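Chemist: predicted coordinates and the sequence they were generated for:
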Amino acid sequence: MKKNIFLTLVFSTFGILFADPPTWEDNPGGYEFVSTIAGVLVMNDGVQLGDPGDMLAAFDDAGDIRGLADEELGLLYPPFGPYEGTPVWEITLRSNVEGDILHFKYYDASEDDVLDIAESHAFVINEVVGDVMEPVTFNVGSENPP
């Protein structure tokens, strides 16, 4: 039994260490305007996602990255409130025009899988949506462009 648990931990660790994450790169200087989603819960069949190595990215209809959050810049663990100690994402969105429809994808490092997010978002200049007390909920499971 202990050997099985040990082997499971070893293989899981190697899977995370040697996963091939997407090469998503943010371009902060490429767009004139920003907005922020200051609190996002990413849910997959009722399970809240957010582990080291995971990423949340926003894309336009052409597949260009319009925002990126990772464990260094965007993964928060609130020290208070209803989501205390759980993973909540913050992402800065970018655009040159108001009204751009942005789509989201989530990289789950533990599964080495890119997941489509069902929700999209219409860009509003300087908008701040959600926070760690009342986050926006994104759900995995829709075919999204791009």
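Modeler: Sure, I can see it.
Chemist: now for the residue most central in space within the chain: which residues touch it?
Modeler: In the chain, the C-alpha nearest the mean C-alpha coordinate belongs to Leu56, at 2.0 Å (CA atoms, centre = their mean). Neighbour list for Leu56: 40, 42, 68-70, 74, 89, 91, 104-107, 138 [criterion: CB atoms under 8 Å, 6 or more residues apart in numbering]. In this view, the C-beta of every residue, glycine as well, is placed from N, C-alpha and C.
Chemist: one more time with 6 Å, if that's ok
Modeler: Going by CB atoms under 6 Å, 6 or more residues apart in numbering, Leu56 touches Ala69, Trp89, Ile91, Tyr106.
Chemist: tell me the contacts of the last one?
Modeler: So that's Tyr106. Counted by CB under 6 Å, 6+ apart, Tyr106 has contacts Val42, Leu56, Leu115, Ile117.
Chemist: if the last one is in a bridge, with which residues?
Modeler: Here Ile117 sits in beta bridges with Val140, as judged by DSSP bridges.
Chemist: which of the contacts of Leu56 lies closest to Val47?
Modeler: Tyr106 (12.2 Å; CB to CB).
Chemist: next, give phi and psi for that closest one.
Modeler: phi -130, psi 130 (degrees, to the nearest 10).
Chemist: same check on Pro28?
Modeler: Per-residue torsions, Pro28: phi -60, psi -30 (degrees, to the nearest 10).
Chemist: what lines up beside the strand of greatest length in the chain in the sheet?
Modeler: Of all the elements of type strand in the chain, the one with the most residues (DSSP state E) is strand 33-44. Paired neighbours of strand 33-44 in the sheet (DSSP bridges): strand 47-49 (antiparallel), strand 88-95 (antiparallel), strand 128-129 (parallel), strand 136-139 (parallel).
Chemist: for this structure, what spans make up the strands?
Modeler: 33-44, 47-49, 55-59, 65-70, 75-76, 88-95, 101-108, 113-122, 128-129, 136-139.
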